[in-house]
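S.K.: structure for the following, please:
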Amino acid sequence: MSNMLKQEELELVRDLIKDVDTAMLTTVTEEGLVSRPMKTQEVEFDGDLWFFTKKATEKYDEIMHDQDVNVAYAGKSYVSVRGKAEIVEDLAKKKELWSKAYEKIMQTNYDDPSVVLIKVNAEAAEYWDTGSFTKRMAFFYKRMTGQSAKSTDVNDTVELK
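M.R.: Next up is the predicted model:
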């Protein structure tokens, strides 16, 4: 069951990730989890995260096989976003999000048919920061994941086995 982010949570996540240039995208492979750096889009976070890739990449194949992903940001704070990824081939959206930086990185242009977008629909986010802000963020995370938000301890322990 997907938890929709509320406006207050969206604004909080937007503020925490807005200045982070590179995110780590984690996908699921047959061997396990794989993470790689991805350039952060210069677009306001509205519940979706966007990244460019090419069809002839492992991450493309991994997302086509399993849509569960995680995106991690490290900057003035740390943010971990869990969600579902999909491949988007919309030319107008590619043009809207394209920048000269991608031309240099990808050695092509947005209208190249091998260039696609990865759209990550955020289901939950966990945040780490300093000060009283931390307790507020722990509260949001627990509320978004359906946990009791009465206790706002920053760390929770879960038994794996």
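S.K.: now do the phi/psi pair for Ser80.
M.R.: phi -120, psi 120 (degrees, to the nearest 10).
S.K.: list the buried residues for the longest strand along the chain?
M.R.: Using DSSP state E, we find that the single longest strand of the chain is strand 115-128. Neighbour-count burial for strand 115-128 flags 115-128 (criterion: 16 or more other CB atoms under 10 Å). Every residue, glycine included, has its C-beta placed from N, CA and C.
S.K.: same check, this time on stretch 66-84
M.R.: Gln67, Val69, Asn70, Val71, Tyr73, Ser77, Val79, Ser80, Val81, Arg82, Gly83.
S.K.: tell me where the protein has helices.
M.R.: 7-17, 58-65, 91-97, 100-106, 133-144 (DSSP state H).
S.K.: show me where pLDDT drops low in the chain?
M.R.: Applying pLDDT under 70 to the chain flags residues 1-5, 129-161.
S.K.: so what's the residue nearest in space to the middle of it bridging to?
M.R.: The centroid of the chain falls nearest to Val71 when counting by CA atoms, centre = their mean (3.7 Å). Beta bridges link Val71 to Leu25, Val81 when assigned by DSSP bridges.
S.K.: so who does it touch?
M.R.: Taking CB atoms under 8 Å, 6 or more residues apart in numbering as the criterion, Val71 is in contact with Ala23, Met24, Leu25, Thr26, Met38, Leu49, Ser80, Val81, Gly83, Val120.
S.K.: can you do 6 Å?
M.R.: Contacts for Val71 (CB atoms under 6 Å, 6 or more residues apart in numbering) come out as Ala23, Leu25, Leu49, Val81, Val120.
S.K.: over to Thr29?
M.R.: Glu62.
S.K.: roughly how far does it sit from Leu49?
M.R.: Applying CB to CB, to the nearest Å, the value for Thr29 to Leu49 is 20 Å.
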